[in-house]
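Participant: Pasted the sequence and its predicted model underneath.
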Amino acid sequence: MSRALKTADDLSRRATYLAEVIDQLYPGPERPAPGKESAGLVPFTPASTETRPYIVVPGRRKPRVLIPAADRKVAAGALARYARPAARGARAKRDAAVWALRLGLDRLLLPHRIQVASAEGIDDHLASVLGHEVHLSIHIGPARANRKPVLQILDGEARTVAFAKLGVNALTRELVEAETTATRRLSELCDLRRLRVPTLLHSGTWRGCNLMVTSALPAWSEPVECGETRRAEGMRELAEAVGTNRSPLGESDYAARLRTRLKQLVERGEPDAETLVAAGTTLLDRYAATELTFGCWHGDWSPWNTCEAADVVYLWDLERFEAGVPYGFDAVHYRLQDDIVTRSADPTTAVLQLVANAPAVLAPMGVAPSEAEPTALLYLVDLAARYMSDRAEQAGAALGALGKWLLPTLLRHIARQRETE
């Protein structure tokens with residue numbers, strides 16, 4: 001992760017979330033539903049006769065994933081397919097831990113264990129939903145507004161058969177519902193040829209939270225180096241999945257929706273909302289007569305939400321999918337996230353380079369050079385509105401403090417535009 005993205009209290013936030021997610025998934029028979037009490041590890045008392053052991057990877061100090069400890073074969077499979085780290089060093093450490101599990105040497109590399117009271121935990125419910133024995137691997141992500149329980153589901157043969165998400169508060173319930181709708185729509189109703197998205201296996205509720213279970217895509221696979229062409233083809237297919245239309249920005253539904261979102265941020269009294277509204281209104285007014293093409297976007301097409309295989313591009317995590325946005329949003333989002341997170345670029349510099357290079361970034365999408373800059377700038381306003389609406393800064397998200405990187409850069413660019421008019 002880029003040093004610019006690390007928060008000072010990341011370790012304590014991860015440790016706190018470890019306790020919270022255990023509370024949410026294994027509340028026990030006498031405990032209220034998730035979100036109704038303060039977080040804490042499920043107590044291991046003599047009355048808790050049924051327990052479930054987990055290995056904390058890489059350790060309690062900075063937990064990233066919990067893997068089931070009762071069966072080494074299952075544990076090794078869960079860790080091998082938990083994710084594919086981008087850095088070669090991180091992949092080597094992951095692979096070493098997998099081999100340690102297979103050889104029975106795991107306590108040397110992975111010494112930290114926890115026990116959870118399994119009575120009335122989510123395992124039994126998922127086994128009932130899927131109709132077979134399940135083992136869970138639990139992702140412990142960094143602080144962010146949309147953080148929620150994300151579960152890798154393995155069967156008794158240590159095969160990854162599904163993934164599940166649980167909406168535990170207002171925002172994450174909304175996102176799980178949105179992803180459920182998008183997954184069903186794209187997998188069942190759209191004829192995707194270059195892309196593969198998950199299939200919806202189950203949608204329901206558990207202990208007052210909405211639950212989504214999808215088929216497992218091979219997120220852990222070694223990607224094939226196909227260049228940007230294949231990715232752009234996939235982005236274009238998704239952008240056109242439910243059709244496109246072309247109109248002046250000022251007459252579009254997108255412009256009306258964005259103005260409404262910005263107005264709501266001011267009404268809520270969000271920090272820096274008036275600054276963002278001023279920037280967004282200026283851009284919407286300036287480009288009102290500019291004709292743009294509008295289509296769909298994934299909403300978070302980034303290196304960690306896709307895998308480019310030999311014959312198809314796998315794409316998952318559809319909670320931000322949206323129709324009727326400027327064509328090319330996915331391309332500029334991918335470039336910005338790749339620069340900041342994967343390549344450790346300074347966020348401010350990455351924004352400046354994105355706007356400056358917008359014609360080249362959007363050319364593979366077929367976006368005309370005259371439409372590239374307004375598309376990139378509108379994307380930045382849209383992204384800022386999302387972070388602000390989600391209260392990402394208050395949640396501790398590394399890029400949540402918009403006043404430190406995105407807003408000043410956006411305002412400087414708008415000011416330069418005024419000077420050249």
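Facilitator: Arrived safely, thanks for sending.
Participant: show me what contacts the residue lying closest to Pro58 once chain neighbours are set aside?
Facilitator: Counting by C-beta to C-beta, 6 or more residues apart in numbering, Pro58 lies nearest to Arg64, which is 6.5 Å off, once chain neighbours are set aside. Any C-beta I mention is one placed from the backbone N, CA and C, and that applies to glycine too. For Arg64, the contact set (C-beta atoms under 8 Å, 6 or more residues apart in numbering) comprises Arg14, Val57, Pro58, His139, Ile140.
Participant: Number of residues surrounding the closest residue to Ser247 other than its chain neighbours?
Facilitator: Spatial nearest neighbour of Ser247, chain neighbours left out: Glu291 (6.7 Å); criterion: C-beta to C-beta, 6+ apart. Glu291 has 14 neighbouring residues, counting by other C-beta atoms under 10 Å.
Participant: host element of Leu238?
Facilitator: Assigned by DSSP states H and E, Leu238 belongs to helix 227-239.
Participant: roughly how far apart are the residue most central in space within the chain and Pro369?
Facilitator: In the chain, the residue lying closest to the centroid (C-alpha atoms, centre = their mean) is Asp317, at 6.0 Å. When distance is defined by C-beta to C-beta, to the nearest Å, Asp317 is 31 Å away from Pro369.
Participant: Please apply the same query to Ala331.
Facilitator: In this view, Ala331 and Pro369 are 14 Å apart by C-beta to C-beta.
Participant: Please apply the same query to Ser187.
Facilitator: Using C-beta to C-beta, Ser187 is found at 35 Å from Pro369.
Participant: Which parts of the stretch 301-421 of the chain are strands?
Facilitator: With strands called from DSSP state E, counting those that start in this stretch, the stretch 301-421 of the chain shows them at 306-308, 313-315, 322-326.
Participant: Mind putting those into a markdown table with distance to Gly156, mean neighbour count and mean pLDDT?
Facilitator: Shown next, in a markdown table, are the strands of the stretch 301-421 of the chain (distance: least, C-beta to C-beta, whole Å; neighbours: other C-beta atoms under 10 Å; pLDDT from 0 to 100):
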| stretch | distance to Gly156 | mean neighbour count | mean pLDDT |
| --- | --- | --- | --- |
| strand 306-308 | 26 | 20 | 92 |
| strand 313-315 | 25 | 23 | 96 |
| strand 322-326 | 39 | 20 | 98 |
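Participant: can you redo those as JSON lines with distance to His413?
Facilitator: Output for the strands of the stretch 301-421 of the chain, formatted as JSON lines (distance: least, C-beta to C-beta, whole Å):
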{"stretch": "strand 306-308", "distance to His413": "29"}
{"stretch": "strand 313-315", "distance to His413": "30"}
{"stretch": "strand 322-326", "distance to His413": "17"}
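Participant: Can you pull the domain assignment for the chain?
Facilitator: Residue ranges for the domains of the chain, per automatic domain parsing: 3-165, 227-420.
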